[in-house]
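K.L.:
Test case, fold it:
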Amino acid sequence: MHTKKRYTAFQMAVWTRFETLLFLLIIVAWVTAYFFLDLSWLKIPWTPLALIGTAVAFVIGFQNNAAYGRIWEARKIWGGIVNTSRILGMYLQDMITNEHAISPLKEEELSKEIKTLTYRHIGWMTALRHAMRASKPWETTSNHRTNREWNMHPPEKESVVEEDIKSYISDSDHAYTMSKNNKQTALLYLQSHHLKALKEKGLIWEFAFLQLEGVLEELFTLQGKSEHIKNFPYPRHFATLNHFFMWIFVLLLPLALVPQFAEIGLEITNQNSFIGTYFIWLTIPFYVIVAWIFHTMERIGRTGENPFEGTANDVPISTIARGIEIDLRQNLGESLDEIPEQFPVRNDTQF
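P.N.:
Numbers count the residues shown, from 1 in each chain. The predicted structure follows:
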């Protein structure tokens with residue numbers, strides 16, 4: 001997630017530099033050919049091009065709205081994870097007691113049970129964010145330089161889930177979790193089994209057990225929603241047609257724009273022959289501007305479709321998960337020296 005008010009003009013120029021150069025080469029070739037060769041016959045009227053441009057603007061706008069909707073939904077899901085995690089931490093500390101215990105435990109033992117459950121929840125968040133960072137073939141970071149240009153990677157690309165969750169769960173839990181394809185689901189199952197065992201010992205009252213199971217149910221729901229966005233992309237036929245339509249418009253644009261500027265130049269020739277002769281070359285900046293706008297809008301939608309890739313335009317799930325961990329561990333009474341620091345912001349980007 002980009003943390004500043006807006007991107008700078010330099011950042012946008014660098015982000016689109018290759019496409020801008022390509023547009024420049026296309027229009028320079030067209031103007032040069034039109035200027036030095038007799039190509040006045042090679043043109044199309046503005047009406048069909050305007051219709052194409054209008055259609056392209058509509059489909060790009062639809063794509064951008066859909067991409068924003070996916071980002072906003074992902075942010076609400078992880079906002080729900082924040083709230084539910086805090087509720088879970090509160091319930092664990094207040095509902096695991098000796099009040100109805102068959103064999104009361106010492107305070108140290110109760111605290112250990114609470115810590116085990118809390119740490120396993122942190123392990124669940126760690127497994128979930130790693131799952132959300134897994135590469136998919138339709139994502140831009142998998143097959144395009146778009147989001148690799150800045151040489152920035154989310155923390156999950158610099159570590160593996162096996163190592164990251166090891167410090168939060170026991171060896172037996174770790175072996176069980178690693179044997180499952182969906183590791184975050186396995187950890188929630190372990191949480192439920194643990195709560196059931198505590199309930200059978202009387203360390204959790206029946207009603208409190210139902211409350212805690214309800215929290216786990218909500219976590220399952222939020223996990224499923226997050227996985228739904230991750231595993232179901234913006235429909236590929238829409239994305240493909242948007243891309244093709246944009247390029248059809250960009251490639252046809254010189255056929256109308258260059259002759260138009262040439263005609264204006266002929267009208268100016270009677271008053272100023274020099275300006276009239278070379279007026280056609282003004283097509284170059286105008287074409288680059290129009291093509292750049294259409295392509296950049298399409299690219300914004302394309303790179304915003306998948307909110308968990310870990311780019312500057314995505315939901316900062318690593319930062320969110322680490323923030324929850326810090327909150328939970330502080331409320332367990334741990335000192336700041338024992339708690340990991342928040343992931344650093346790099347190039348004005350939270351991951």
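K.L.:
CA only for contacts and neighbour counts going forward, please
P.N.:
Noted.
K.L.:
Return the per-residue confidence for Leu117.
P.N.:
We have a pLDDT of 95 for Leu117.
K.L.:
low-confidence ranges in this protein?
P.N.:
Scanning the chain for pLDDT under 70 picks out 141-151.
K.L.:
Find the centremost residue of it, please.
P.N.:
By CA atoms, centre = their mean, the mean C-alpha position of the chain lies nearest to Pro307, the distance being 2.3 Å.
K.L.:
Check whether that one really touches Ala74, as I assumed.
P.N.:
Yes. If you go by CA atoms under 8 Å, Pro307 and Ala74 touch, sitting 6.8 Å apart.
K.L.:
who touches both of these two?
P.N.:
Common neighbours of Pro307 and Ala74 (criterion: CA atoms under 8 Å, 6 or more residues apart in numbering): Val315.
K.L.:
Need the outlier residue of this structure, farthest from its centre.
P.N.:
Quick read of the chain (CA atoms, centre = their mean): farthest out is Asn270, 56.2 Å.
K.L.:
rewinding a little: next one: phi and psi at the residue nearest to the centre of the chain?
P.N.:
Main-chain torsions, Pro307, degrees, to the nearest 10: phi -80, psi 0.
K.L.:
residues contacting it?
P.N.:
For Pro307, the contact set (CA under 8 Å, 6+ apart) comprises Arg70, Ile71, Ala74, Lys230, Asn313, Asp314, Val315.
K.L.:
Nearest residue to the fourth one in space, please, no chain neighbours.
P.N.:
The spatial neighbour of Lys230 that comes closest, neighbours along the chain excluded (CA to CA, 6 or more residues apart in numbering), is Met132 at 6.3 Å.
K.L.:
Buried residues in stretch 175-185, which are they?
P.N.:
By neighbour count with 16 or more other CA atoms under 10 Å, stretch 175-185 contains the buried residues Thr177, Lys183, Gln184, Thr185.
K.L.:
In three-state terms, label the last one for me.
P.N.:
Here Thr185 is helix, with the state taken from DSSP: H, G, I helix; E, B strand; the rest coil.
K.L.:
In contact with it, which residues?
P.N.:
Counting by CA under 8 Å, 6+ apart, Thr185 makes contact with Trp124, Phe220.
K.L.:
Show residues contacting stretch 230-243.
P.N.:
Contacts to stretch 230-243, defined as CA under 8 Å, 6+ apart, come from residues 56, 59-60, 63, 66-67, 132, 138, 298, 302, 305-308.
K.L.:
Pro137 - how many residues pack around it?
P.N.:
Under the neighbour criterion other CA atoms under 10 Å, Pro137 is assigned a count of 8.
K.L.:
related to what we said a few turns ago, give me the buried subset of the contacts of Pro307.
P.N.:
The buried subset of the contacts of Pro307 - by 16+ other CA under 10 Å - is Arg70, Ile71, Ala74, Lys230, Asn313, Asp314, Val315.
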